[in-house]
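Participant: model the following, please.
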Amino acid sequence: MMNDEQLKEVLQKRFGFPDFRPGQLKAIRSLLEDRRLLCVHPTGFGKSLLYQLPSTVLPGITVVISPLLALMRDQLHHLNTRFGIPAASVNSDQTEEENRAACMQAIQNRLKVLFIAPEQLDNIDRFNFLLGLNVSLLVVDEAHCISTWGHDFRPSYRQIVNYVKAVQEKNAETRVLGLSATVDYNTEEDIVEQLGSPSQPLKVIRESMDRPNISLSVFQLTSIESKLSACKQLVDQLEGCGIIYCATRENTEIVAGYLVQNGVNAKAYHAGFHPDMKRELQKGFIGDQYKVLTATNALGMGIDKANLRFIIHFDFPGSITAYYQEVGRCGRDGLPAQGILLYDKADVRVQKYFIESSQPSETDFEKVMRAISEAEIPLKLMSIKAYTGLHPTRVQVVVSELIEQEFIEKVKEGGAQVYIETGKQGTPNLQRYLTQHQVKIRELENMMYYASQSKRCYMVILRKALGDKITEPCGHCSFCTKLKLKISDSPNDTTLISDWLSGRVVEIPASKIAKLSEGVALSDVKLRTPMIVNFFRNRANSSSQNLGIDNELIQLLKREAEKIHASRKISAIVPIPSRTWGASLSVAKILAEHLGVKVIGDLLYWKSIPEHRQGELLNNDQRKLNVSSKMGVNNNINVLRGHILLFDDYIGSGFTMREASRVLHQAFSEDSIKTIPFTIAQVRWKLGSPGMI
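Facilitator: Numbers count the residues shown, from 1 in each chain. From the prediction side, this is the model:
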């Protein structure tokens with residue numbers, strides 16, 4: 001066992017740090033001596049060192065289970081290039097070849113640290129592979145996620161507890177470390193019970209949640225226009241770079257687009273981007289290439305950028321503990337930083353939707369069990385989603401729970417992972433989901449109180465929510481002192497921003513599988529601009545004689561089509577066959593005439609009419625099956641070459657557009673055509689229920 005001086009020597013020689021931060025040495029010493037430890041330390045504390053250093057002095061491999069892909073990328077860079085500690089990861093952002101290479105390195109004892117996304121433990125082969133490693137240290141990052149009392153409980157984390165127990169049975173000497181910045185005492189008690197054992201109890205070390213260098217403030221606003229204006233004004237006043245967190249992918253792109261339009265070097269970041277793009281964005285941001293990243297929580301809390309000077313929440317976060325964790329990304333270098341919340345009461349409905357969409361009911365469990373029991377062949381996960389029509393998150397929750405309670409089991413059949421009944425009688429116990437629903441509602445109410453109150457120090461509210469029993473006013477939040485940041489609400493600005501939103505186009509991402517190029521939708525339906533609202537009111541009754549479309553919209557269609565034509569030279573416009581938009585071909589002809597290209601109105605057709613309209617279905621797995629292999633190509637066109645504009649009224653899940661692209665590439669030489677989606681609007685379908693969001 002190494003003494004304190006020896007550990008400090010490792011810190012200095014291997015990591016290049018002169019001394020430990022407060023609490024780090026105590027935690028490392030406890031981990032090495034007590035073997036099982038939960039560390040509840042504030043964001044920015046330097047929790048990564050608590051497993052990085054032990055990994056260099058313990059004999060086997062350190063396995064870090066973490067949902068934060070941004071943290072994985074960041075830590076891999078530091079471990080491999082800065083500290084000389086061989087490390088790799090296995091996660092969904094990597095190709096299967098990359099994941100296999102990481103597994104092989106681990107098997108060959110060429111790694112000291114292996115990062116694993118928790119979802120990987122749901123895979124039978126991956127679980128067994130991990131169980132076969134010589135694990136000296138098992139780290140559960142974001143440990144609050146294993147507890148139904150935690151604000152961010154995740155079903156895939158239930159498998160972590162099974163893995164911990166299996167590793168301990170194999171080697172009782174394996175050390176276990178839980179890490180979190182957001183554990184209240186109910187959650188702590190639950191984690192201690194799950195990760196500890198009678199022979200090796202889990203020790204807990206807590207540090208104060210105070211972040212004295214962060215100044216917190218709240219601005220109460222009433223529209224997306226006022227929030228965009230506030231973002232620009234605040235960014236102009238704030239030094240350095242920062243992150244603007246948004247609740248949806250669409251909002252990250254709207255905020256980034258508006259800031260760029262107004263001279264701010266900003267980029268959007270969300271889970272919809274290709275993994276290579278996410279890596280490049282993170283690398284560029286770490287290297288100070290951008291002043292602002294507008295991001296969903298896909299950016300992860302693990303991004304290690306010490307000089308972040310501000311965090312702005314454009315949208316209302318779902319819990320006060322998630323807010324603390326996100327706002328805690330700034331000021332990790334100890335210098336002054338700003339945490340700012342833009343609060344519109346109407347935004348709360350988005351978080352309520354997130355809560356309800358992830359909450360399983362007794363009926364959901366019955367649907368999944370019925371789908372599995374009535375299936376002629378064992379079902380894969382995607383098939384269960386398609387048969388039940390449930391929100392994809394709910395299916396994951398229900399399947400994980402049914403496995404844990406031993407009503408179903410997952411097996412390998414024909415190389416695929418499928419789900420079968422075990423024959424167990426009775427009904428599942430859903431108490432943990434009632435608990436989790438109560439926790440999420442309470443957390444949301446706490447966040448609403450934080451955002452709307454004006455009588456208490458903001459940092460005190462955060463600290464008390466996270467378990468600090470003794471707190472005192474911070475002295476520098478917008479309650480404690482006169483606010484230095486100022487924003488103004490100009491009607492003229494609001495009008496200009498509203499006009500910008502109306503004219504803003506939405507990028508339709510490319511699809512490699514369908515060989516679909518990047519395209520454009522003229523507007524996001526959620527913005528409810530008058531032009532788009534009017535179009536949707538009139539489209540069902542439109543015809544070749546009565547287009548039911550504003551001249552403003554026609555001009556916008558022409559303008560954007562011109563832009564595409566200028567860069568990619570469109571050779572033809574092909575309308576998607578529509579059962580509800582009578583003016584489809586007529587509008588396509590207007591565009592074709594304007595560009596001087598041909599329009600082929602009867603090229604695509606439904607050889608088998610889809611049973612449902614896409615908006616009537618309940619999730620995207622059903623929408624994919626609804627149109628799959630049902631579109632055909634007329635053979636009266638001998639030659640089709642160049643860039644083809646696929647024109648439709650709107651795009652939702654994208655499966656109809658992809659099906660059109662697929663059959664066109666199948667009918668013509670794949671190298672001779674490039675298909676480009678072009679629609680009037682983009683919609684977002686609900687998941688788990690029909691209709692659009």
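
Participant: how much space separates the nearest residue to K686 once chain neighbours are set aside from D288?
Facilitator: In this structure, K686 finds its nearest non-sequential neighbour in I693, 5.6 Å apart by Cβ to Cβ, 6 or more residues apart in numbering. In short, each C-beta sits where N, CA and C put it, glycine included. Distance, I693 to D288, by Cβ to Cβ, to the nearest Å: 36 Å.

Participant: can you check V161 too?
Facilitator: 40 Å.

Participant: could you do V192 as well?
Facilitator: For V192 relative to D288 (Cβ to Cβ), the value is 41 Å.

Participant: so between those two, which is more surrounded?
Facilitator: When V192 and D288 are compared for neighbours, V192 comes out ahead with 17 against 12, by other Cβ atoms under 10 Å.

Participant: look at that one and give its secondary structure.
Facilitator: Under DSSP: H, G, I helix; E, B strand; the rest coil, the three-state class of V192 is helix.

Participant: that one contacts L38, correct?
Facilitator: Yes. In this structure V192 lies within contact range of L38 using Cβ atoms under 8 Å: 6.7 Å.

Participant: between these two, what contacts are shared?
Facilitator: 202, 204 (Cβ atoms under 8 Å, 6 or more residues apart in numbering).

Participant: where does the stretch 451-600 of the chain dip in pLDDT?
Facilitator: Under the criterion pLDDT under 70, no range of the stretch 451-600 of the chain is flagged.

Participant: all helices of it, in order?
Facilitator: Applying DSSP state H, counting those that start in this stretch to the stretch 451-600 of the chain gives helices spanning 458-465, 491-503, 530-538, 551-568, 584-595.

Participant: the shortest one packs against which elements?
Facilitator: Contact analysis of helix 458-465 by 3 or more Cβ pairs under 8 Å, 6 or more residues apart in numbering; DSSP states H and E lists strand 214-220, helix 320-327, helix 431-452 as its packing neighbours.

Participant: swap in the second one?
Facilitator: Using 3+ Cβ pairs under 8 Å, 6+ apart as the contact test, the elements touching helix 491-503 are helix 224-237, helix 249-261.

Participant: next SSE downstream of the shortest one?
Facilitator: Just to be clear, that refers to helix 249-261. strand 266-269 (DSSP states H and E).

Participant: for D125, the count of nearby residues, please.
Facilitator: For D125, using other Cβ under 10 Å, the count is 11.

Participant: so what's the closest residue in space to it that isn't next to it in sequence up against?
Facilitator: Spatially, and ignoring its direct neighbours in sequence, D125 is nearest to K412 (7.5 Å; Cβ to Cβ, 6+ apart). The contact partners of K412, by Cβ under 8 Å, 6+ apart, come to 124-125, 418.

Participant: now, which of those residues sits nearest L69?
Facilitator: D125 (20.9 Å; Cβ to Cβ).

Participant: output the contacting helices and strands for the helix or strand encompassing the closest one.
Facilitator: If you go by DSSP H and E, D125 is part of helix 124-131. Counting contacts by 3+ Cβ pairs under 8 Å, 6+ apart, helix 124-131 is packed against helix 158-170, strand 408-413.

Participant: list the buried residues for stretch 38-56?
Facilitator: 38-56 (16 or more other Cβ atoms under 10 Å).

Participant: same question, stretch 679-692
Facilitator: Quick answer for stretch 679-692 (16+ other Cβ under 10 Å): 679-683, 685-688.
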